[in-house]
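1. Give me coordinates for this.
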Amino acid sequence: MSEPIVIDTDAGYDPDDALAVTIAALHLPDLALVTTCDEHEKQRARLVRTILDYCGRPDVPVVAGAELPGAHARFVATHLVSDRYGQIDGDLPAAVAAIAEARPGPIRWIGLGPMSNLSSLTQTYPELVGHLQVWQMGGAIAYRDPDRAEHNIRLDVEAARRVLRTFPNLHLVTSEVTFTPELEVTLQSPIYRSWCRPGAPRWAQLLRAHIDLWVKTTGHKGSMAHDPLTLGVALGEPLAKFDRDFISLDEIGRMAQDARGSEIYYTHSADYAAAREWLFAQLNPWPSNH
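-> Numbering: from 1, shown residues only. A predicted model of the protein is given here:
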């Protein structure tokens with residue numbers, strides 16, 4: 001993939017963000033920038049900076065983005081953040097504009113959290129809209145809880161609504177496809193066990209510790225790989241299939257098919273066996289033993 005890649009993440013809560021950022025750091029030379037959303041005192045940005053450095057990617061800048069109400073309750077990774085990092089840049093629109101100026105052409109934006117940063121970016125630099133190819137984890141046509149919207153949508157409904165209106169080629173990787181035990185990384189998963197072996201690299205140790213914290217803090221069995229699947233699909237891996245239809249959001253962000261809405265792409269199915277195989281191949285510290 002030749003175009004620059006920007007990842008927008010709310011890393012530091014569900015570990016699937018950290019998995020996706022690690023895959024990108026290890027395997028994507030064109031990773032140009034990582035931005036953080038639903039920020040909590042720039043702690044997410046510091047965690048991302050830690051991951052990138054552990055993966056040998058000091059070349060990739062990190063910019064802290066939008067803060068949203070209640071973010072402190074959605075950050076569990078305090079003990080994983082290196083205390084080396086003090087100052088973190090906060091001028092996200094300028095950072096993306098600089099990429100567009102340096103490398104004219106498409107920019108692949110891979111959103112793994114609320115859409116606040118993307119929404120703000122398109123208002124500050126509307127000329128970037130034509131450059132951005134947007135892949136976004138979030139939304140659900142039939143969310144598992146009918147009384148509320150999917151997580152990434154409900155944290156900033158207005159931002160999501162603006163993004164749907166702005167990007168006619170938006171690709172949503174929806175929650176009804178990603179929320180499944182088929183994609184769950186647990187303490188018994190082969191990929192988790194590979195991080196536990198003596199001599200595992202620092203990035204693998206961090207991912208293991210992040211899963212451990214998530215399980216201990218939330219009581220979940222593991223982390224469902226919503227964001228790695230989104231990343232893989234955005235990179236062209238044949239892991240999911242899409243429909244195209246008109247979609248609207250109601251007042252609280254619940255999605256529905258609606259001829260008056262915005263026409264976008266959204267996932268209707270995924271190849272979970274292929275997704276698990278791809279995830280293992282990307283994050284196995286011992287590839288010769290696979």
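
2. The stretch 151-290 of the chain: helices as residue ranges?
-> With DSSP state H, counting those that start in this stretch as the criterion, the stretch 151-290 of the chain has helices at 151-154, 157-166, 175-178, 190-195, 202-218, 226-234, 272-283.

3. In CSV, list the C-alpha atoms belonging to the second one.
-> In this case it means helix 157-166. Extracted in CSV, the C-alpha atoms of helix 157-166 (Å, rounded to 0.1, in the frame of the first residue of the first chain):
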residue,chain,number,x,y,z
VAL,A,157,-23.2,11.2,17.8
GLU,A,158,-22.9,14.6,16.1
ALA,A,159,-19.4,13.8,14.9
ALA,A,160,-20.6,10.4,13.5
ARG,A,161,-23.6,12.1,11.8
ARG,A,162,-21.3,14.6,10.1
VAL,A,163,-18.9,11.9,9.0
LEU,A,164,-21.7,9.9,7.4
ARG,A,165,-22.8,13.0,5.5
THR,A,166,-19.3,14.0,4.4
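
4. in that helix, what's buried?
-> With burial defined by 16 or more other Cβ atoms under 10 Å, the residues of helix 157-166 counted as buried are 157, 159, 160, 161, 162, 163, 164, 166. Every C-beta, even on glycine, is put in place using the N, C-alpha and C of the backbone.

5. what do you get for the fourth one?
-> Within helix 190-195, the residues that qualify as buried by neighbour count (16+ other Cβ under 10 Å) are 191, 192, 194, 195.

6. can I get these in CSV with distance to residue 150?
-> Formatted as CSV, the buried residues of helix 190-195 follow (distance: Cβ to Cβ, whole Å):
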residue, distance to residue 150
191, 25
192, 26
194, 30
195, 29
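
7. Could you list the low-pLDDT ranges of the protein?
-> Where the chain drops to pLDDT under 70, the residues are 1, 85-87, 289-290.

8. Would you map the strands across it?
-> Secondary structure of the chain (DSSP state E): strands located at 5-9, 31-36, 62-64, 107-111, 132-137, 171-173, 184-186, 222-224, 240-249, 255-257, 262-270.

9. Name the stretch among these that sits most buried.
-> strand 5-9 (a mean of 28; mean count of other Cβ atoms under 10 Å).

10. That one relative to strand 107-111, how many degrees between them?
-> Interaxial angle of strand 5-9 relative to strand 107-111 (axes from the mean of the first three to the mean of the last three Cα atoms, to 10 degrees): 20 degrees.

11. Which strands or helices does strand 5-9 pack on?
-> helix 16-27, strand 31-36, strand 107-111 (3 or more Cβ pairs under 8 Å, 6 or more residues apart in numbering; DSSP states H and E).

12. packing partners for the shortest one?
-> What that stands for is strand 107-111. Packing partners of strand 107-111 (3+ Cβ pairs under 8 Å, 6+ apart): strand 5-9, helix 92-102, strand 132-137, helix 226-234.

13. Quick one: closest of these to residue 205.
-> helix 226-234 (18.4 Å; Cβ to Cβ).

14. Show me the contact partners of that closest one.
-> 7, 9, 14, 16-17, 19-20, 23-24, 108, 110, 112, 135-137, 171, 173, 175, 177-179, 183, 239-240, 267, 270, 275, 278-279, 282 (Cβ atoms under 8 Å, 6 or more residues apart in numbering).

15. can you give me how far it is from the chain middle?
-> Helix 226-234 has its C-alpha centroid displaced from the chain centroid by 8 Å (Cα atoms, centre = their mean, to the nearest Å).

16. Can I get it as CSV, trimmed to CA atoms?
-> Coordinates of each C-alpha in helix 226-234 appear next as CSV, following Å, rounded to 0.1, in the frame of the first residue of the first chain:
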residue,chain,number,x,y,z
HIS,A,226,-12.9,-5.3,16.5
ASP,A,227,-10.1,-3.0,15.6
PRO,A,228,-7.6,-5.5,14.1
LEU,A,229,-10.4,-6.7,11.8
THR,A,230,-11.0,-3.1,10.8
LEU,A,231,-7.3,-2.6,10.1
GLY,A,232,-7.0,-5.7,8.1
VAL,A,233,-10.0,-4.9,5.9
ALA,A,234,-8.8,-1.3,5.4
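
17. quick one: residue 189 and residue 222 touch, right?
-> Yes. Counting by Cβ atoms under 8 Å, residue 189 does reach residue 222; the two are 6.9 Å apart.

18. Isn't residue 4 up against residue 32?
-> Yes. Taking Cβ under 8 Å as the definition, residue 4 is a contact partner of residue 32 at 3.7 Å.

19. what touches both of those two?
-> With Cβ under 8 Å, 6+ apart, residue 4 and residue 32 have common neighbours 99, 103, 107.
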